[in-house]
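Asker: Please find the sequence and the predicted model below.
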Amino acid sequence: MKYYSLNQQAPEVSFEEAVIQGLAPDKGLYFPKEIKPLPAAFFENIDHLSNETIAYEAIKQFVGDEIPEGELKKIIAETLCFDFPTVKVEENIYSLELYHGPTMAFKDVGARFMSRCLAYFNQNKPHQKNTVLVATSGDTGGAVASGFLGVPGVDVVILYPSGKVSDIQERQLTTLGQNVRALEVDGVFDDCQDMVKKAFLDESLAHLNLTSANSINIARWLPQMFYFIFAYKQLRKTQKPLVVSCPSGNFGNICAGIMAKRLGLPILHFVAATNINDTVPEFLKTGKYEPKPSKATLSNAMDVGNPSNFIRIRALYHDDLEQFKKDFTSFSYTDAQTVDAMKQVYDQTGYIAEPHGAVGYLGLKEELKGYKNAVGVFLETAHPIKFLDTVEKELNITLPIPEQIQTVMGKEKIKKPIKTYDELKDFLNALS
């Protein structure tokens, strides 16, 4: 499989090169040159397939022969070592819980897959060293820290916006030590992401072999296809068309869902539910894509004003806005609406939705008004414990601390405050 830059000013590369580079030299995101649908029989017989088999069949064309079948299956088995249950919340509405992994966030899948691919590519390069540089608005940092912890030949540097991630999210990326380092940026997520992108293009840092573990990296992004297929497998028994609502920030998750549809997955419609960072909902209204500075909200992982992966979605639809609208809608919600949804769901059903899932629920409810016979699923992308203060305050409950979270509580947060790109550059140079 070859990958090309969506800016189309860089050479085509292999899967390995795309993983290691993260971002193309022309600042473009890598995209597969070809997408082959899976046989119809794959989806017709999906009830009889294991999650590992499903994932292997979905991803193998994008890896090609660069990782042998046995090794790829081993990577997938280590990636998918937890459950992805759909939970009935209301009639015809289900939650897809993606938080049963080691850091209790959906990003565990991509982070674990990418870290193991990178380890495979580095195993015969004893003198090769990579620096994984990643910006996080919440859960990416913890998932990457956990996924890459102790991986030989890899340093991990995580940038996060000061005061704009939850206490538990911050603990997950600042307390592990070893090869993981955290930089607390005086700014918002977009500032962190801009610094990361600038570093990738800084030739004076070439010796560090920088790569990204944000969803701009194909090995972080593509595995997110898996759980859309898992959801279909579980809900196929309803014999109703499937509408999927994704709480969306950088739009990697929903883009992976659209990729799964390109493989033949029978999803009727996608909903991108956002908070007040509404660049994409506004684009659908006006036809003009106008990024804007991000604003802080209760659903902090979605506080993105210029979602990187939206260009991949546009590529999937060849910039045909009308065709895009047939498959895709997007709605935005305020913090007040988010809290109201959390309370409504809990009071009526007993289900605990954290702020991101509540936004996804709102988008799903809105979209389902237009369907008489559909079943809907919204993604619960992180465990409610990650947003302990908000959930306990608004729902007037006390959450038990899961084992995965107990391991980081009480540990010292080790972080370095920075304000400028030059400070990031000095820090990275000090690693070498």
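Answerer: Alright, I've got the coordinates.

Asker: alpha carbons only for contacts and neighbour counts from here, please
Answerer: Will do.

Asker: any idea where the strands of the chain begin and end?
Answerer: Taking DSSP state E, the strands of the chain run over residues 2-5, 13-14, 30-32, 86-90, 93-97, 130-135, 154-161, 180-185, 210-211, 242-247, 269-274, 328-332, 375-380, 416-418.

Asker: what about the fifth one, average pLDDT?
Answerer: When the per-residue pLDDT values of strand 93-97 are averaged, the result is 98.

Asker: ditto for stretch 409-422
Answerer: Mean pLDDT, computed over stretch 409-422, is 91.

Asker: Alpha carbons only: can I get that stretch in CSV?
Answerer: Listed in CSV are the C-alpha atoms of stretch 409-422, where the atom choice follows Å, rounded to 0.1, in the frame of the first residue of the first chain:
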residue,chain,number,x,y,z
MET,A,409,-3.7,8.7,41.9
GLY,A,410,-1.4,10.0,44.5
LYS,A,411,1.7,10.0,42.2
GLU,A,412,3.7,13.2,41.7
LYS,A,413,2.9,15.1,38.5
ILE,A,414,6.2,15.8,36.6
LYS,A,415,5.8,18.4,33.9
LYS,A,416,7.6,21.4,32.4
PRO,A,417,5.8,24.6,31.7
ILE,A,418,6.5,26.2,28.3
LYS,A,419,5.1,29.2,26.4
THR,A,420,6.9,29.3,23.0
TYR,A,421,8.0,27.1,20.2
ASP,A,422,11.7,27.9,20.9
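
Asker: what's the closest of the strands of the chain to residue 311?
Answerer: The closest approach between residue 311 and any of the strands of the chain, judged by Cα to Cα, belongs to strand 30-32 at 10.1 Å.

Asker: Save the strands of the chain as CSV, and put in mean neighbour count and distance to residue 222 too.
Answerer: CSV is the format used below for the strands of the chain (neighbours: other Cα atoms under 10 Å; distance: least, Cα to Cα, whole Å):
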stretch, mean neighbour count, distance to residue 222
strand 2-5, 20, 13
strand 13-14, 18, 15
strand 30-32, 22, 10
strand 86-90, 16, 21
strand 93-97, 23, 18
strand 130-135, 24, 17
strand 154-161, 25, 21
strand 180-185, 23, 24
strand 210-211, 24, 16
strand 242-247, 28, 16
strand 269-274, 26, 17
strand 328-332, 22, 19
strand 375-380, 27, 17
strand 416-418, 16, 31
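
Asker: which one of those strands lies closest to residue 233?
Answerer: Taking Cα to Cα as the criterion, residue 233 comes closest to strand 86-90 out of these, the separation being 10.0 Å.

Asker: ok, the closest residue to residue 361 other than its chain neighbours - contacts?
Answerer: Once its chain neighbours are removed from consideration, residue 361 has its nearest residue in residue 378; the separation is 5.6 Å (Cα to Cα, 6 or more residues apart in numbering). For residue 378, the residues meeting the contact criterion (Cα atoms under 8 Å, 6 or more residues apart in numbering) are 93-96, 244-247, 357, 360-361, 364.

Asker: For residue 328, which non-adjacent residue is closest in space?
Answerer: With Cα to Cα, 6+ apart as the measure, residue 270 is the residue that lies nearest to residue 328, at 4.8 Å, once sequence neighbours are left out.

Asker: what about the residue nearest to residue 277 when sequence neighbours are not counted, distance to residue 193?
Answerer: Across the structure, with Cα to Cα, 6+ apart as the measure, the residue nearest residue 277 apart from its sequence neighbours is residue 305 (5.7 Å). When distance is defined by Cα to Cα, to the nearest Å, residue 305 is 11 Å away from residue 193.

Asker: now stretch 24-32, how far from the centre of its chain.
Answerer: Taking the mean of its C-alpha atoms, stretch 24-32 sits 18 Å from the chain's own mean (Cα atoms, centre = their mean, to the nearest Å).

Asker: tell me the mean pLDDT over that stretch?
Answerer: For stretch 24-32, the mean per-residue pLDDT is 92.

Asker: Tell me what angle the lowest-mean-pLDDT helix or strand in the chain forms with strand 180-185.
Answerer: The weakest-scoring helix or strand in the chain, judged by mean pLDDT, DSSP states H and E, is helix 139-148 (a mean of 81). Following axes from the mean of the first three to the mean of the last three Cα atoms, to 10 degrees, one obtains 160 degrees for the angle between helix 139-148 and strand 180-185.

Asker: hey, C-alpha coordinates of helix 139-148 in PDB?
Answerer: Extracted in PDB, the C-alpha atoms of helix 139-148 (Å, rounded to 0.1, in the frame of the first residue of the first chain):
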ATOM      1  CA  ASP A 139      -7.300  11.700  26.400                       C
ATOM      2  CA  THR A 140      -4.700  11.300  23.600                       C
ATOM      3  CA  GLY A 141      -1.900  12.100  26.000                       C
ATOM      4  CA  GLY A 142      -2.700   9.400  28.500                       C
ATOM      5  CA  ALA A 143      -3.400   6.800  25.800                       C
ATOM      6  CA  VAL A 144      -0.100   7.600  24.100                       C
ATOM      7  CA  ALA A 145       1.800   7.600  27.400                       C
ATOM      8  CA  SER A 146       0.500   4.200  28.300                       C
ATOM      9  CA  GLY A 147       0.800   2.700  24.800                       C
ATOM     10  CA  PHE A 148       4.400   3.800  24.300                       C
END
